[in-house]
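Enquirer: From the sequence below, what's the structure:
(2 chains, ligands or ions: 2)
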Amino acid sequence: MAKRIDVKDLNIFYGKFHAVDRVTLAVPPRSVTAFIGPSGCGKSTVLRSLNRMHEVTPGARVEGKVLLDGEDIYATTVDPVEVRRTIGMVFQRPNPFPTMSIRDNVVAGLRLGGMRNRKQLDEVAERSLRGANLWAEVSDRLDKPGGSLSGGQQQRLCIARAIAVQPDVLLMDEPCSALDPISTLAIEDLIGELKKDFTIVIVTHNMQQAARVSDQTAFFNLAGVGQPGRLVEIDDTEKIFSNPGQQATEDYISGRFG
Amino acid sequence: MTTTASTLDRPATPPAFQAVGGARKFKNILATVLVTLAFLIALVPLVWLLVTVIARGFEAVITADWWTHSLKGVLPKEFAGGAYHAIIGTLLQTVVCAVIAVPVGILAAIYLVEYGRGRLARTTTFMVDILSGVPSIVAALFIYALLLSTFQMGQSAFAVSMALVLLMLPVVVRSTEEMLRLVPQELREASYALGVPKWKTIVRIVLPTALSGVVTGVMLAMARVMGETAPVLVLVGYSKSINFNIFDGNMTSLPLLIYSELNNPNPAGQLRVWGAALTLIILIMLFNLVAALVSRFSAIKTK
Ligand SMILES: Nc1ncnc2c1ncn2[C@@H]1O[C@H](COP(=O)(O)OP(=O)(O)OP(=O)(O)O)[C@@H](O)[C@H]1O
Ligand SMILES: [Mg+2]
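Expert: Ligands and ions are numbered 1, 2, ... in the order given. The predicted structure follows:
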């Protein structure tokens, strides 16, 4: 059940530091939105505030609204744990749970959520691993520790883990930055598949990747050193890469940045 | 212009890499010798101590009676009886201490690492630091003042255990804290991202990841307090017979046995002193061994 996200006038802070200034954007369901922009402009920060992961950092807070199908996830009545169950996340560096086997890693979210039925868990594990294009590689060693896989396999394991809890939205923070071109391609294909069921937001430094996988692209930039990052523009990916509305976007995309 | 073969053979530029120079070779050898020497010097007292204790206590601990009998009814000059009552005492006092100190210490460490912010956490850390610097005799005196003087309890093994808790607690808090801080923040976030609540993340992800280190720390802390002597001198009386009641009566532990037999000038007394010392070392070694095994089995596997 993919859902849409609407961000309205979102200001994000780390303590006193104003990291991101007034972001407004909309992510339609069953689409891929790419965040691009120079390092430190706040892409990860915005992404992490979409599932309330931002507030895990001590002193961090946000102002403004993030609506998931019209419901404000920052409303005082909303439980952040529920939000994160609905909006999953894949991190830049693969982080499988080191104490768990491959199978247990995949179903960790369900098991910690209280599901006990062994047969059901095994089914979910297989379905998620197939969904993450990893089943063929690991089906014969599901009981080996998650840390015994290669980096690219670990990242796909983390994707399997994230989709096993069947979130509505999947956030990915530079999921391919530590991977070789073949694993990258595997994950890009996977994103194309996942798009059918999930709403996806992906941060990437790789322009070709953004162009290849995303339907719309958001370009973030810094107004200057020490200034908060801001959203320069968001538009259809084709338009951003062929005929962007802002000069700054064109400069960045064509490599004339800074 | 004529070029001879020899000029052609010579490289145009001097080679980039040369053999290790004489000065550096000398320094290297000197450093190696010094480091090895320091190691040997550090080793000498250790080996000497072990050899002395083993040589003098060996005869006592190889008898079966030593591990199965107390000194009840044994005369000071008699080569008879054993240290069973003292071994029981040491284990009981240590285990009771651990039962209290380990959960409290681990929970305190969890608070400090996972929840602690601001003044309360800083105060706790500060108190733990102070507590870890308190000499054992002072801890014993405090318990004496609290339990024996204020609350009118008699001398008991329980009072000893409470003093040991004061000594063990900061060690457990510190080592657990360090182990929990080693768990990468990314693992916690990965768990949160699956919609797992914080407490469950701590119990099911963070603690298992840190388990082997935490267990090692606890075992070493237990080994450490086992040999503490000041509390048993102040808080419990000496007895020649077995006592399983920690709340009542005298209970001998190995340090107390050593201390009391030191006043026995007979050769039998001397043998008991060294026998008890060797037993204490054996017990502590066993604890370290268990710690190593447990940490090996609960260590994170990558293969
Ligand atoms: N935990 C934190 N505490 C304080 N400031 C932070 C923290 N994390 C990020 N920041 C600051 O917030 C700003 C945005 O950081 P963010 O990580 O969102 O950038 P980014 O666009 O993801 O960069 P990159 O492309 O390098 O990942 C930066 O100025 C950064 O220094
Ligand atoms: Mg980032």
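
Enquirer: Residue A:231 belongs to a strand, doesn't it?
Expert: Yes - secondary structure assignment places residue A:231 in a strand (DSSP: H, G, I helix; E, B strand; the rest coil).

Enquirer: what's the burial count for it?
Expert: 23 (other C-beta atoms under 10 Å in any protein chain shown). Just so you know, the C-beta spots here come from the backbone N, C-alpha and C atoms, and that holds for glycine as well.

Enquirer: Distance check, it against chain B.
Expert: As judged by C-beta to the nearest C-beta, to the nearest Å, residue A:231 and chain B stand 23 Å apart.

Enquirer: who touches that residue in this structure?
Expert: With contacts taken as C-beta atoms under 8 Å, 6 or more residues apart in numbering or on different chains, residue A:231 has the following neighbours: A:23-25, A:46, A:218-220.

Enquirer: Ignoring the adjacent residues along the chain, who's closest to it?
Expert: If the residues on either side of it in the chain are set aside, residue A:231 comes closest to residue A:23, at 4.7 Å by C-beta to C-beta, 6 or more residues apart in numbering or on different chains.

Enquirer: Surely the one you found forms part of a strand?
Expert: Yes - when three-state DSSP is applied, residue A:23 is found to be in a strand.

Enquirer: What helix or strand is residue A:89 located in?
Expert: When elements are defined using DSSP states H and E, residue A:89 is found to belong to strand A:87-90.

Enquirer: so after that strand, what's the next helix or strand?
Expert: Sequence order places helix A:102-106 as the next helix or strand after strand A:87-90, per DSSP H and E.

Enquirer: Any idea which residue of the stretch 151-300 of chain B lies closest to chain A?
Expert: Closest to chain A within the stretch 151-300 of chain B is residue B:195: 2.6 Å, counting by C-beta to the nearest C-beta.

Enquirer: Tell me which two in the contacts of residue A:231 are the farthest apart.
Expert: A:24 and A:219 (13.9 Å; C-beta to C-beta).

Enquirer: When these two are compared, which one has more neighbours?
Expert: With other C-beta under 10 Å as the criterion, residue A:24 and residue A:219 differ in neighbour count, and residue A:219 comes out ahead with 26 against 13.

Enquirer: what about the helix or strand where that one lies and ligand 1, touching?
Expert: With secondary structure defined by DSSP H and E, residue A:219 is part of strand A:216-222. No - no part of strand A:216-222 sits close enough to ligand 1 to count as contact by C-beta under 6 Å from any ligand atom; the gap is at least 6.5 Å.

Enquirer: what do you get for stretch A:82-98?
Expert: No - residues of stretch A:82-98 contacting ligand 1 under C-beta under 6 Å from any ligand atom: none, with a closest distance of 7.4 Å.

Enquirer: thinking again about what came up before, can you point out the helix or strand that includes the residue of the stretch 151-300 of chain B closest to chain A?
Expert: In this structure, residue B:195 sits in neither a helix nor a strand according to DSSP H and E.

Enquirer: Now do the contacts for the residue lying closest to it once chain neighbours are set aside.
Expert: Distances taken as C-beta to C-beta, 6+ apart place residue A:85 nearest to residue B:195, at 2.6 Å, with adjacent residues excluded. With C-beta under 8 Å, 6+ apart as the criterion, the residues that contact residue A:85 are A:109, A:113, A:165, A:167, B:194-195.

Enquirer: Mind doing that once more with 7 Å?
Expert: A:165, A:167, B:195 (C-beta atoms under 7 Å, 6 or more residues apart in numbering or on different chains).

Enquirer: For these, pick the one with the most neighbours.
Expert: residue A:167 (26 neighbours).

Enquirer: tell me the secondary structure for that one?
Expert: Under three-state DSSP, the three-state class of residue A:167 is coil.

Enquirer: Please tell me how far it sits from ligand 1.
Expert: Taking C-beta to the nearest ligand atom, to the nearest Å as the criterion, residue A:167 is separated from ligand 1 by 21 Å.

Enquirer: again, but for residue B:66
Expert: Residue B:66 sits at a distance of 60 Å from ligand 1 (criterion: C-beta to the nearest ligand atom).

Enquirer: returning to that earlier point: so for the strand holding residue A:219, mean pLDDT?
Expert: In this model, strand A:216-222 carries a mean pLDDT of 93.

Enquirer: What is it packed up against?
Expert: For strand A:216-222, the contact count by 3 or more C-beta pairs under 7 Å, 6 or more residues apart in numbering or on different chains; DSSP states H and E identifies strand A:32-36, strand A:229-236, helix A:237-242, helix A:247-253 as packing neighbours.

Enquirer: now the strands: where do they sit in the stretch 51-200 of chain B?
Expert: Taking DSSP state E, counting those that start in this stretch as the criterion, the stretch 51-200 of chain B carries no strands.

Enquirer: same question, the stretch 51-200 of chain A
Expert: For the stretch 51-200 of chain A, the strands identified by DSSP E, counting those that start in this stretch occupy A:60-68, A:71-72, A:87-90, A:169-173, A:199-203, in order along the chain.

Enquirer: now for the ones you listed, which one comes closest to chain B?
Expert: When the strands of the stretch 51-200 of chain A are ranked by proximity to chain B, the top entry is strand A:87-90, at 3.9 Å, counting by C-beta to the nearest C-beta.

Enquirer: and the closest one, anywhere near chain B?
Expert: Yes - using C-beta under 7 Å from any C-beta of the partner chain, strand A:87-90 reaches chain B at A:88-89.

Enquirer: and the residue in the stretch 201-303 of chain B positioned nearest to ligand 1, what helix or strand is that in?
Expert: Across the stretch 201-303 of chain B, the shortest distance to ligand 1 (C-beta to the nearest ligand atom) belongs to residue B:201, at 18.6 Å. Applying DSSP H and E as the criterion places residue B:201 in helix B:198-201.

Enquirer: Is the following helix or strand past that helix in proximity to chain A?
Expert: Elements were assigned by DSSP H and E; along the chain past helix B:198-201, the next helix or strand is helix B:207-226. Yes - remark: helix B:207-226 sits within contact range of chain A at B:208-209, by C-beta under 7 Å from any C-beta.

Enquirer: same question for the following helix or strand past helix B:207-226, mean pLDDT?
Expert: Next along the chain after helix B:207-226, taking DSSP H and E as the criterion, comes helix B:230-235. The average pLDDT for helix B:230-235 rounds to 91.

Enquirer: Over to stretch B:143-162?
Expert: This predicted structure assigns stretch B:143-162 an average pLDDT of 88.

Enquirer: which residues touch that stretch?
Expert: Contacts to stretch B:143-162, defined as C-beta under 7 Å, 6+ apart, come from residues B:89, B:92-93, B:96-97, B:163, B:231-232, B:234-237, B:246-248, B:251.

Enquirer: ok, now stretch A:27-38?
Expert: Contacts of stretch A:27-38 with the rest of the structure, by C-beta under 7 Å, 6+ apart, involve A:2-5, A:43, A:46-47, A:191, A:195-196, A:199-204, A:207, A:210, A:213-222, A:237, A:257.

Enquirer: Just the buried ones from the residues you listed?
Expert: Under a neighbour-count criterion of 16 or more other C-beta atoms under 10 Å in any protein chain shown, the subset of the contacts of stretch A:27-38 counted as buried comprises A:2-5, A:43, A:46-47, A:191, A:195, A:199-204, A:207, A:210, A:213-222, A:237.
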